[in-house]
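1. compute the structure for the input listed below.
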Amino acid sequence: MILLRNIIFVLVFYPVSAVMALLSPVIALGGRQAVIHWATCWTRFHRLCTRWLLGIRVVVEGTRPTTPALYPAKHQAMFETMELQRILGAPAMVLKRELANIPLWGWAVRKYGAIVVDRNASAKAMRGMMRDAQVAVNEGRAIMIFPEGTRVKPGETPPLKPGFAGLYRMLNLPVVPVATDSGLVWPRKGLKRPGVVTLRFGEMIPPGLPRAEAEAKVHAAMNALESSPARGGGPRP
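-> Below is the predicted model:
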């Protein structure tokens, strides 16, 4: 049954996604709001497919402010990238430059208002990231970043990359860390499994804290589900 669910998901979600990606540069001609609406339609379609084809349910815990905030999130699967775009109301996401350099599609990503950063975190790259982030905040949008830099397996807790500290210092926004356990049902390799994905919004961290203190609080909150004995690192029901 799990194999059949995965086959149906692949046959439905990815062809539609390919068409939407190909059309995104055309949609981008209509400006930022048009791209944001298009992206939100895509993430809603993703939610329908994961819920009804894969049997994955979402539980959202915690609260978040109604004003712009910085959301550093745990990254275990593509799942939370799509879900948080929908839940947070189209935040400006920090993306690696390789994605933004894809012909045509990358242009649409920039039109969406993505914040592009180089992996080498050079001074020039950091300045560009800060400039794009400030534009998004001025538009009243939240900022979302995966501060560990890449997807990790459940249980892995790498240190934060420098990008978070730079954004935290410059934007002067409250921070709401996001923990998730999506990797338990959406492994990097292998079949996706029915189950429950938790997205936990942690306690708000005020701006202006020393870097070490802010990073320690964010790291602990992002990884709150990693040490939960109720989860145990195994498949969820």
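2. how about the strands in this protein?
-> Ranges of strands within the chain are 56-61, 70-72, 92-96, 115-117, 143-145, 178-180, 195-201, based on DSSP state E.
3. in terms of mean pLDDT, which of those strands ranks lowest?
-> Mean pLDDT values for those show the minimum at strand 115-117, a mean of 85.
4. scan this structure for its longest helix.
-> helix 2-28 (DSSP state H).
5. and the residue nearest to the spatial centre of the chain, how far from Met126?
-> Nearest to the mean C-alpha position of the chain, by Cα atoms, centre = their mean, lies Thr81 at 3.3 Å. As judged by Cβ to Cβ, to the nearest Å, Thr81 and Met126 stand 22 Å apart. (Each C-beta comes from the backbone N, C-alpha and C, glycine too.)
6. can you list the strands of the chain in CSV and add distance to Phe164?
-> Converted to CSV, the strands of the chain look like this (distance: least, Cβ to Cβ, whole Å):
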stretch, distance to Phe164
strand 56-61, 22
strand 70-72, 5
strand 92-96, 9
strand 115-117, 11
strand 143-145, 6
strand 178-180, 12
strand 195-201, 16
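7. and these: which comes nearest Leu225?
-> In terms of Cβ to Cβ, the element of the strands of the chain nearest to Leu225 is strand 178-180, at 4.6 Å.
8. in this protein, which helix or strand is least confident?
-> None of the helices or strands of the chain scores lower by mean pLDDT, DSSP states H and E than helix 97-100, at a mean of 78.
9. report the distance from that helix to the chain centre.
-> A distance of 15 Å separates the centroid of the chain from that of helix 97-100, by Cα atoms, centre = their mean, to the nearest Å.
10. how about it as PDB, C-alpha atoms only?
-> Below are the C-alpha coordinates for helix 97-100, written out as PDB (Å, rounded to 0.1, in the frame of the first residue of the first chain):
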ATOM      1  CA  ARG A  97      22.300  30.700  -5.200                       C
ATOM      2  CA  GLU A  98      22.400  27.500  -7.200                       C
ATOM      3  CA  LEU A  99      18.600  27.500  -7.200                       C
ATOM      4  CA  ALA A 100      18.300  31.100  -8.100                       C
END
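11. what's that helix in contact with?
-> Applying Cβ atoms under 8 Å, 6 or more residues apart in numbering, the contact partners of helix 97-100 are Gly106, Val109, Arg110, Ala114, Val116, Val117, Asp118, Arg119, Ala125.
12. which residues of the protein score low on pLDDT?
-> Scanning the chain for pLDDT under 70 picks out the ranges 119-122, 227-237.
13. ranges for the helices of it?
-> 2-28, 32-52, 78-87, 97-100, 105-112, 123-138, 162-171, 211-222.
14. report the angle between the axes of the last one and strand 195-201?
-> Helix 211-222 and strand 195-201 are oriented at 150 degrees to each other (axes from the mean of the first three to the mean of the last three Cα atoms, to 10 degrees).
15. what's the local residue count around Met20?
-> Met20 has 15 neighbours, counted by other Cβ atoms under 10 Å.
16. list the contacts of it.
-> Contacts of Met20 (Cβ under 8 Å, 6+ apart): Trp38, Cys41, Trp42, Phe45.
17. from Pro174, how far off is Lys217?
-> 12 Å.
18. equivalent analysis for Leu22, please.
-> Where Pro174 is concerned, Leu22 sits at a distance of 38 Å (Cβ to Cβ).
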